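Undergrad: Take a look and give me a structure for this.
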Amino acid sequence: MDGHLEIGSLSNPGSSQWECQWGSESSKGSPAEATMSAAAGAFMEQLGDVHIYPAVPVTDQTASCSGPGAKQPNRFFFRVRRRQHPNAIRTVRWYEQVGARKDLAEVKLFAEMARRFEADWKKWGFDGVYTFPEDMLRDSERLHTRQRMIGFDMVRSNPKICGFNVTGMLDHGYVGEGVWTFWREWKPGTAEGFCDGWRRYGGACSSIRCTVIAAASSSLRPCWPMRTCWRRGSTRSA
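TA: As a prediction, this is how the structure comes out:
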């Protein structure tokens with residue numbers, strides 16, 4: 001997200017340079033700044049590694065950033081950010097269960113979030129829609145998963161996108177954008193959705209070569225053997 005098209009977004013094994021191989025990046029000429037697109041928050045169309053905050057519900061303009069209509073050369077989506085209401089009520093209950101001090105910053109923050117949410121829940125008549133306040137937050141988590149799956153559909157429909165990753169595994173920043181809650185619990189449907197979203201994701205390439213390096217293999221116990229798994233049709237070399 002540096003906005004500099006003269007700086008590449010990748011460095012292949014053995015290289016000591018940032019290589020300009022994605023998007024409209026080029027090492028030739030004077031420095032050029034990529035421009036922010038109005039189609040989706042934080043999206044810079046010319047870059048090779050892109051980061052977007054898509055609007056919900058997804059508009060045709062937002063879908064054009066990553067769908068089959070996108071015409072930029074190969075690029076990598078390193079973040080497609082989606083959020084939901086963090087389940088402050090369950091988070092507070094977890095703090096109570098482990099006996100956390102009430103004066104801790106996070107405990108006070110989530111307790112206030114839960115209090116204000118429940119006040120708004122009653123004020124706006126949601127007690128006539130949901131039996132319990134937390135039911136609405138669980139529905140928000142389910143919708144969050146659904147929006148992630150829409151993102152997978154957009155990315156997989158474009159063979160020019162060479163990769164896609166999850167940057168926020170946890171609800172860091174207290175904003176509910178992770179696939180785990182603040183207490184490392186899977187959100188409803190997320191694990192199943194990821195299994196579907198990343199199944200056989202390989203873009204337009206017919207083969208890949210991977211190098212696996214175990215950085216801390218010496219710390220493994222003898223009863224913890226290391227194994228690599230290969231799909232049918234793959235080859236392995238020593």
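Undergrad: Residue 166: what's it in contact with?
TA: Going by C-beta atoms under 8 Å, 6 or more residues apart in numbering, residue 166 touches residue 179. Using the backbone N, CA and C atoms, a C-beta is placed for each residue, glycine as well.
Undergrad: Report the buried residues of stretch 163-179.
TA: By 16 or more other C-beta atoms under 10 Å, the buried positions in stretch 163-179 come out as 164, 168, 171, 176, 177, 178, 179.
Undergrad: and those residues as JSON lines, adding pLDDT, distance to residue 121 and secondary structure?
TA: JSON lines is the format used below for the buried residues of stretch 163-179 (pLDDT from 0 to 100; distance: C-beta to C-beta, whole Å; DSSP: H, G, I helix; E, B strand; the rest coil):
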{"residue": "164", "pLDDT": "76", "distance to residue 121": "35", "secondary structure": "strand"}
{"residue": "168", "pLDDT": "77", "distance to residue 121": "26", "secondary structure": "coil"}
{"residue": "171", "pLDDT": "81", "distance to residue 121": "20", "secondary structure": "coil"}
{"residue": "176", "pLDDT": "80", "distance to residue 121": "16", "secondary structure": "coil"}
{"residue": "177", "pLDDT": "80", "distance to residue 121": "22", "secondary structure": "coil"}
{"residue": "178", "pLDDT": "83", "distance to residue 121": "23", "secondary structure": "coil"}
{"residue": "179", "pLDDT": "85", "distance to residue 121": "25", "secondary structure": "coil"}
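Undergrad: which one of those residues is nearest residue 52?
TA: Taking C-beta to C-beta as the measure, residue 52 lies nearest residue 164 of the buried residues of stretch 163-179, at 11.3 Å.
Undergrad: For residue 188, see how far away that closest one is.
TA: Residue 164 sits 22 Å away from residue 188, going by C-beta to C-beta, to the nearest Å.
Undergrad: Is the nearest residue to residue 85 once chain neighbours are set aside part of a helix or strand, or is it coil?
TA: Spatial nearest neighbour of residue 85, excluding adjacent residues (C-beta to C-beta, 6 or more residues apart in numbering): residue 140 at 4.2 Å. Counting by DSSP: H, G, I helix; E, B strand; the rest coil, the backbone at residue 140 sits in helix.
Undergrad: neighbours around residue 140, how many?
TA: Per other C-beta atoms under 10 Å, the neighbour tally for residue 140 reads 16.
Undergrad: Could you list the low-pLDDT ranges of this structure?
TA: For the chain, residues meeting the criterion pLDDT under 70 lie at 1-3, 29-45, 54-55, 59-73, 75, 77-83, 200-238.
Undergrad: what ranges do the helices span in the chain?
TA: Along the chain, the stretches classed as helices by DSSP state H are 60-66, 88-98, 105-123, 133-156, 190-197.
Undergrad: Report the buried residues of the third one.
TA: So that's helix 105-123. Under 16+ other C-beta under 10 Å, the buried positions of helix 105-123 are 107, 110, 111, 113, 114, 117, 118, 121.
Undergrad: cool, stretch 133-149 as well?
TA: For stretch 133-149, a neighbour-count test (16+ other C-beta under 10 Å) marks 133, 134, 136, 137, 138, 140, 141, 143, 144, 145, 147, 148 as buried.
Undergrad: Let me have those in a markdown table, adding distance to residue 96 as columns.
TA: Conversion of the buried residues of stretch 133-149 to a markdown table gives the following (distance: C-beta to C-beta, whole Å):
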| residue | distance to residue 96 |
| --- | --- |
| 133 | 16 |
| 134 | 14 |
| 136 | 21 |
| 137 | 17 |
| 138 | 19 |
| 140 | 22 |
| 141 | 21 |
| 143 | 27 |
| 144 | 25 |
| 145 | 27 |
| 147 | 31 |
| 148 | 30 |
